[in-house]
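Visitor: give me coordinates for this.
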Amino acid sequence: MIKKDEGLKRRVGVFGLSANIINIIIGSGIFVLPAIVASYLGASSIIAYLFCGLLMAMVMLCFAEAGSKVTNTGGPYTYIETAFGNYAGFVAGFFAVGSNLFADAAVSNALVNVIASAYPVFENGWPRFLFLFILFYGLVYINVIGLKQGMGLVKFNTIVKLIPLLLLIAIGFKYVSLSNLYFEHFPSVKTLGETSLILFFAFQGCETGIIVGGEVVNPKRTIPRAILISITAVVVVYVLIQTISQGGLGDTLPNFKAAPLAETAKVVFGNFGYALLIIGAVISMFGYMSGTILNSPRIVYALARDKVIPIKALSKIHKSFATPHIAIIIYATIGFILAVSGSFEQLAVIASSSMLILYLGVALSVMKLRKSQKDYAGGFKIPGGWAIPIIAIAIILYFLSSLSAHEMIGTVVFIGILTLVFGLIKFLKKRK
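Guide: Down below sits the predicted model:
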């Protein structure tokens, strides 16, 4: 049975949702990826982007189908909970929230570190604390007062972060040497797989961008369209950026792992270009933060809405602003504490696998929801029958198998802890 989002208003269209997804996916990673990928594959690195983009498209098609059938707020948590029940939803929800919190802590620290490189006063102490406080709670204020304001900031950030990248693409082709793009041998499957594992994480973000499903206009059409538009746009931008970087810097590209795009921009625009891309990286990180504070708290709201976590206050919707204000404040507060303490580093290994587990759950939920045609008929359906979901599951299992033993053990332990907590909550509910 489809649960209702009481009090939320559907205001997000195709452009808004596409911008939301692109804003999350194109984060700070693209500003360092070209050198890392080139160090593995050299001139043939463009193939890895196309290969990984194709693999990710398979997974995103599963999100498109699930999102068009389960149209309320919560994103992958809601799809998995609807298909497999409260326990699966509980684990998926906490994996999603935990992974996003760790990522928020890391990106916010990276943002303040970049600023501190120009203004050392922000390196530590009260100035750093105050910067992080203003960052988190400034975004809380914007997102509490209304979805329109939060989505407006996301659209603005998406456009602004793309401007330096598109300028680099448009003008950079003049500086591309075809000899720098020439390669004699196709990369081996092993090397391509290893590189794709790194790139796979750079394509993540769609699962966060579609959490606002309960606030999307005509979700059965809007969600699939936005996913397909955004993943296509991301693949095109990534491939063109790698082409410009490789074509401009050639064999020296792997030497600039700290800021390869800034070095490429220096070739194209001079010193102004270097500064432009550094500013672009800052805007990109801020854009990511604005997007995650908009989206991620809605998983917390959805967990409380579905009574998966027994804290009713988290499911409250503000009467004037129609936003899950308490969930936003609580989520951002935890993120802020992690950011200023730095304690998230010990748990970061869990975050690296949690998204893959969510993806696996969504692909499996597509199969389960197809069997429930009575409740979830209509919407987008992936062509080709079961082929795409099965391929997506195989891809995810391949990437999971590449995780280290330490990461696998950490993930299993985390699931075990969540299982005990879920059992305790269920026991306390029965006693009540």
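
Visitor: find the nearest non-adjacent residue to Ile293, please.
Guide: Leu139 (4.2 Å; CB to CB, 6 or more residues apart in numbering). From N, CA and C alone the C-beta is placed, and that goes for glycine too.

Visitor: any idea how far Leu111 is from the one you found?
Guide: Leu139 sits 12 Å away from Leu111, going by CB to CB, to the nearest Å.

Visitor: same check, this time on Ile311
Guide: When CB to CB is applied, the distance between Ile311 and Leu111 equals 30 Å.

Visitor: higher neighbour count, these two?
Guide: Higher neighbour count among Ile311 and Leu111: Leu111, with 24 against 13, using other CB atoms under 10 Å.

Visitor: which ones are touching the residue nearest to that one when sequence neighbours are not counted?
Guide: Spatial nearest neighbour of Leu111, excluding adjacent residues (CB to CB, 6+ apart): Met285 at 4.2 Å. Contact partners of Met285, counting by CB atoms under 8 Å, 6 or more residues apart in numbering, are Gly27, Ser28, Val107, Ser108, Ala110, Leu111, Val114.

Visitor: the third one is in contact with Met289, isn't it?
Guide: Yes: taking CB atoms under 8 Å as the contact criterion, Val107 and Met289 are neighbours in contact, 6.2 Å apart.

Visitor: more neighbours, those two?
Guide: More neighbours surround Met289 than the other of Val107 and Met289, with 24 against 20 (other CB under 10 Å).

Visitor: may I ask which helix or strand encompasses the more buried one?
Guide: Per DSSP states H and E, Met289 falls inside helix 271-295.

Visitor: what comes up buried for that helix?
Guide: Within helix 271-295, the residues that count as buried by 16 or more other CB atoms under 10 Å are 273-274, 276-278, 280-295.

Visitor: which helix or strand in this structure has the lowest average pLDDT?
Guide: Lowest by mean pLDDT, DSSP states H and E among the helices and strands of the chain is helix 373-376, with a mean of 60.

Visitor: show the subsequent helix or strand relative to that one.
Guide: Next helix or strand after helix 373-376 toward the C-terminus (DSSP H and E): helix 387-401.

Visitor: which parts of the helix or strand where Ala96 lies are buried?
Guide: Element membership of Ala96, judged by DSSP H and E, is helix 86-118. Neighbour-count burial for helix 86-118, counted by 16+ other CB under 10 Å, picks out 86, 88-112, 114-116.

Visitor: with stretch 232-245 instead?
Guide: Quick answer for stretch 232-245 (16+ other CB under 10 Å): Ala233, Val234, Val235, Val237, Tyr238, Val239, Leu240, Ile241, Gln242, Thr243, Ile244, Ser245.

Visitor: point out the ones among these that are inside helices.
Guide: The helices, defined by DSSP state H, take in Ala233, Val234, Val235, Val237, Tyr238, Val239, Leu240, Ile241, Gln242, Thr243, Ile244, Ser245 from these.

Visitor: turn these into CSV, including distance to Gly42.
Guide: Shown next, in CSV, are these (distance: CB to CB, whole Å):
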residue, distance to Gly42
Ala233, 26
Val234, 23
Val235, 20
Val237, 21
Tyr238, 17
Val239, 16
Leu240, 18
Ile241, 16
Gln242, 11
Thr243, 13
Ile244, 16
Ser245, 12
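
Visitor: quick one: contacts for the residue nearest to Ile231 when sequence neighbours are not counted?
Guide: Excluding the flanking residues, the one nearest Ile231 by CB to CB, 6+ apart is Met60, at 4.9 Å. Met60 is in contact with Cys206, Ile227, Leu228, Ile231, counting by CB under 8 Å, 6+ apart.

Visitor: got a list of what the first one touches?
Guide: In this case it means Cys206. Residues near Cys206 by CB under 8 Å, 6+ apart: Ile21, Ile24, Ile25, Met60, Phe63, Ile227, Ser230, Ile231.

Visitor: redo that, cut-off 10 Å
Guide: The neighbours of Cys206, taking CB atoms under 10 Å, 6 or more residues apart in numbering as the test, are 20-22, 24-25, 56, 59-60, 63-64, 67, 75-76, 226-227, 230-231, 234, 359.

Visitor: next: the last one.
Guide: In this structure, Ile231 makes contact with 18, 21-22, 25, 53, 56-57, 59-61, 63-64, 203, 205-206, judged by CB under 10 Å, 6+ apart.

Visitor: identify, from those, the entry nearest to Lys426.
Guide: Proximity of the contacts of Ile231 to Lys426 was ranked by CB to CB; the top entry is Phe63 with 29.1 Å.

Visitor: in terms of helices and strands, where is that closest one?
Guide: Residue-wise, Phe63 maps onto helix 45-69 under DSSP H and E.

Visitor: what sits against Gly270?
Guide: Neighbours of Gly270 in contact, by CB under 10 Å, 6+ apart: none.

Visitor: roughly how far does it sit from Glu263?
Guide: Separation of Gly270 from Glu263 (CB to CB) stands at 12 Å.

Visitor: point out where the protein drops to low pLDDT.
Guide: By pLDDT under 70, the weakly predicted segments of the chain are 1-8, 28-29, 201, 258, 342-353, 373-378, 432.

Visitor: can you rerun that using 50?
Guide: Applying pLDDT under 50 to the chain picks out residues 1-2, 343-346.

Visitor: so Phe427 versus Val91, what's the distance?
Guide: The gap separating Phe427 from Val91 is 17 Å, by CB to CB.

Visitor: same question for Ala110.
Guide: 28 Å.

Visitor: next up, the contacts around Tyr122.
Guide: Actually, residue 122 is Phe rather than Tyr. Counting by CB under 10 Å, 6+ apart, Phe122 makes contact with Leu111, Val112, Asn113, Val114, Ile115, Ala116, Arg128, Phe129, Leu130, Phe131, Leu132.

Visitor: tell me who's in contact with the fifth one.
Guide: Think Ile115. Neighbouring residues of Ile115 by CB under 10 Å, 6+ apart: Val121, Phe122, Glu123, Arg128, Phe131, Val282, Met285.

Visitor: got a list of what the nearest residue to Pro164 once chain neighbours are set aside touches?
Guide: Spatial nearest neighbour of Pro164, chain neighbours left out: Gly280 (3.8 Å); criterion: CB to CB, 6+ apart. Applying CB under 10 Å, 6+ apart to Gly280 gives the contacts 28, 30-31, 160-165, 167-168, 261-262, 265.

Visitor: ranking those by neighbours, who comes first?
Guide: Highest neighbour count within the contacts of Gly280: Ala265, with 29 neighbours (other CB under 10 Å).

Visitor: which SSE is that one in?
Guide: Ala265 is part of helix 260-269 when elements are defined by DSSP H and E.
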